[in-house]
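Q: pasting the sequence and the predicted coordinates here, then a few questions.
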Amino acid sequence: MSVLPILTIPNPLLKQTSISVEKIDNETKLLIDNIKKTLYSHERCVGIAAVQVGILKRIIAVDASRSAKEHRNNGFLIMINPMIVYSSGKISSREGCLSVPKFTAYVTRKKKIEIDYLDINGCKQHLKTDGFEAIVVQHEIDHLDGKVFLDRVTSLKTDVFRR
Amino acid sequence: MAKYISLTAIGKDSPGLVSSITKVLYEEKCNVEDSTMTILHGHFAMILIIEISHNLSLKALFSKLQKAAKPLGMVLSYAELFSYVPKKRMPSNPYIISVYGSDRTGIIYNVSECLAENKINITDVQTTLSKSKWKDTYIMIIECDISRKKSYEKLSKDLLKLAELLNITISLNKAESADI
């Protein structure tokens, strides 16, 4: 297992759409191990998409339990070919990203989501989540579609004190 | 009748800058109507709109402010606002434009010129350099007011063209307004 370097904007790979994983072979499993190790090597990282380490495969890793604030969460998750099949509500929060160093901004996302995905054994899974963990999953799935949070900024400052 | 002034103060960031300025304003019974204060590249910058009573001499106030600011190395300036309307103008249809790409000169100029040509009013701007080991990326977030649907369509086309020309990314999103 090795910690992989993180691509930062304006690297053109971060604007590409990642490709669905057809087969979870040894190479894919090694990539997942490396993504996991990379995630845990960054102190406050709660999610990574494969493209952030330069691999255009639809794989994301999420661990919302690592947030400084406590949030309801499902611990460490690997999602292969994740797809949001239901979403509702709106939630706005300040986001940051390893691929956008030293910058945070307000982004509005869906408050509740349901995701279909494959786990590391290739088994179909369905997850209902909301709040912070839902934000992380949406942020990571955005990476798979060539988007970073900067493409979704909806407020300069706090929403409350809009001038 | 009240008078309004704009006051700017900027100096190397250190604790006590805000209190040194606002102490004088408080003692002289001035009212801070609006302000923005932030750190820019290690310098703390304050811009304030202040209501002052009619019988207070502007010169006297400014000399007191300067006396307070000098030991902290702050540079001050002020101007009387003759056309100030004490009412906040809310953008009627706020949008956020995010701009990012490799650092180069002219990004602010080119984007703001595009907005000006489209008669779009900018209501707020933040810029920063996002530094990584390999590269510096310029990020600019603009809040603007797009009141007509026609203007939105034309602007999004123009911004897309500009992004291609400058080899940067520009995204246009409707701003979220607060519901509390």
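A: Noted; the coordinates are in hand.
Q: report all helices and strands that the helix or strand bottoming out on mean pLDDT in chain B contacts.
A: None of the helices or strands of chain B scores lower by mean pLDDT, DSSP states H and E than strand B:121-131, at a mean of 88. In terms of contacts (3 or more Cβ pairs under 8 Å, 6 or more residues apart in numbering or on different chains; DSSP states H and E), strand B:121-131 is packed against strand A:100-109, helix B:107-117, strand B:136-145. Placement of C-beta: from N, CA and C, glycine included.
Q: mind running it again at 10 Å?
A: Strand B:121-131 sits against strand A:100-109, strand B:31-40, strand B:94-102, helix B:107-117, strand B:136-145, with contacts defined as 3 or more Cβ pairs under 10 Å, 6 or more residues apart in numbering or on different chains; DSSP states H and E.
Q: please, where are all the helices along chain A?
A: For chain A, the helices defined by DSSP state H occupy A:26-41, A:131-144.
Q: of all those helices, which one is nearest chain B?
A: helix A:131-144 (11.8 Å; Cβ to the nearest Cβ).
Q: hmm, that closest one in reach of chain B?
A: No: using Cβ under 10 Å from any Cβ of the partner chain, helix A:131-144 stays clear of chain B, coming no nearer than 11.8 Å.
Q: how far does that helix sit from its chain's centre?
A: Remark: helix A:131-144 is offset 4 Å from the chain centroid, using Cα atoms, centre = their mean, to the nearest Å.
Q: again, but for stretch A:57-67
A: How far stretch A:57-67 lies from its chain's middle: 6 Å, per Cα atoms, centre = their mean.
Q: same thing with stretch A:95-105?
A: 13 Å.
Q: burial count for B:Val18?
A: Applying other Cβ atoms under 10 Å in any protein chain shown, we find 13 residues neighbouring B:Val18.
Q: got the contact list for the helix or strand hosting it?
A: According to DSSP states H and E, B:Val18 maps onto helix B:17-27. With contact meaning Cβ atoms under 10 Å, 6 or more residues apart in numbering or on different chains, helix B:17-27 is reached by B:7, B:9-11, B:16, B:30-32, B:35, B:37, B:43-46, B:48, B:50, B:52, B:61-62, B:64-74, B:76.
Q: just the buried residues from those, in ChimeraX please.
A: To isolate the buried ones among these in ChimeraX, judged by 16 or more other Cβ atoms under 10 Å in any protein chain shown, type:
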select /B:7,9,10,11,30,44,45,46,48,50,52,61,62,65,68,69,72,74,76
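Q: out of the contacts of helix B:17-27, which touch chain A?
A: Okay, of the contacts of helix B:17-27, nothing touches chain A (Cβ under 10 Å from any Cβ).
Q: among the contacts of helix B:17-27, which are in strands?
A: B:7, B:9-11, B:31-32, B:35, B:37, B:43-46, B:48, B:50, B:52, B:76 (DSSP state E).
Q: which bits of chain A sit near chain B?
A: Applying Cβ under 10 Å from any Cβ, one finds that chain A approaches chain B through A:5-12, A:14-15, A:90, A:92, A:97-103, A:105-108, A:147-163.
Q: please repeat the previous calculation with a cut-off of 7 Å.
A: Within reach of chain B by Cβ under 7 Å from any Cβ of the partner chain, chain A has these residues: A:8-10, A:92, A:100-103, A:105, A:108, A:150-156, A:159-160, A:162-163.
Q: that older thread, reformat the helices of chain A as CSV; add distance to B:Gln126.
A: Shown next, in CSV, are these (distance: least, Cβ to Cβ, whole Å):
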stretch, distance to B:Gln126
helix A:26-41, 29
helix A:131-144, 20
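Q: just those helices: most buried one?
A: Neighbour counts (mean count of other Cβ atoms under 10 Å in any protein chain shown) averaged over each of the helices of chain A peak at helix A:131-144, with a mean of 23.
Q: and B:Leu160, how far from chain A?
A: Distance from B:Leu160 to chain A, counting by Cβ to the nearest Cβ, to the nearest Å: 13 Å.
Q: can you verify that residue is assigned to a helix?
A: Yes: counting by DSSP: H, G, I helix; E, B strand; the rest coil, B:Leu160 falls inside a helix.
Q: for it, give its distance to B:Ile97.
A: 12 Å (Cβ to Cβ, to the nearest Å).
Q: between these two, which has more neighbouring residues?
A: A count of neighbours by other Cβ under 10 Å puts B:Ile97 above the other of B:Leu160 and B:Ile97, at 25 against 12.
Q: mind listing what the residue nearest to A:Ile19 when sequence neighbours are not counted touches?
A: Spatially, and ignoring its direct neighbours in sequence, A:Ile19 is nearest to A:Leu56 (5.7 Å; Cβ to Cβ, 6 or more residues apart in numbering or on different chains). The contact partners of A:Leu56, by Cβ atoms under 7 Å, 6 or more residues apart in numbering or on different chains, come to A:Leu13, A:Gln16, A:Ser18, A:Ile19.
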